[in-house]
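**Student:** quick one, fold the following:
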Amino acid sequence: MDKTRLILISGRSTKQGTGISTGKEGPEYQEATNAVEMNLSDMLHFGLHDGDSVVLKSEFGEASVKCFKGDMPEGLAFIPFGPACNRLVGDETYASGMPDSKHLEVEIKPLLF
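**Tutor:** Below is the predicted model:
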């Protein structure tokens, strides 16, 4: 795989579940759904630190999120379901009613200010 790309999976996160109790507009939920978790080796490869902003780009769109160290294999990243995830996942459901969101190839670039 290209050294600028990762495989993105999505799902519900504990922080997201906790944040929804205060509402989707609350800071806890917004922080939880605008984050991507990556393996520390991948973060180092991209020159990233916890809390850095990145742009994730898929064939369907792109999203700016903050990245954090996560407990996952190299080459894999996790994003909670939410607005950022929705911008990256296509709308094809293959008659399942649920978009395919478990193995999406994304390009990652540090967001420089």
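**Student:** centre-most residue in the chain?
**Tutor:** Ile79 (3.0 Å; C-alpha atoms, centre = their mean).
**Student:** quick one: buried residues of stretch 44-54?
**Tutor:** 45-46, 48, 52, 54 (16 or more other C-beta atoms under 10 Å). For the C-beta atoms, the positions are set from N, CA and C on the backbone; glycine is no exception.
**Student:** show me where the protein has helices.
**Tutor:** In order along the chain, the chain carries the following helices (DSSP state H): 14-20, 27-33, 40-45, 83-88.
**Student:** rank those helices by pLDDT, which is bottom?
**Tutor:** Lowest mean pLDDT within these: helix 14-20, at a mean of 59.
**Student:** quick check: which ranges of this protein have low pLDDT?
**Tutor:** Applying pLDDT under 70 to the chain flags residues 1-2, 13-25, 91-102, 113.
**Student:** re the thing from before, got JSON lines for the helices of the chain, with distance to Met72 too?
**Tutor:** JSON lines is the format used below for those (distance: least, C-beta to C-beta, whole Å):
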{"stretch": "helix 14-20", "distance to Met72": "15"}
{"stretch": "helix 27-33", "distance to Met72": "17"}
{"stretch": "helix 40-45", "distance to Met72": "9"}
{"stretch": "helix 83-88", "distance to Met72": "16"}
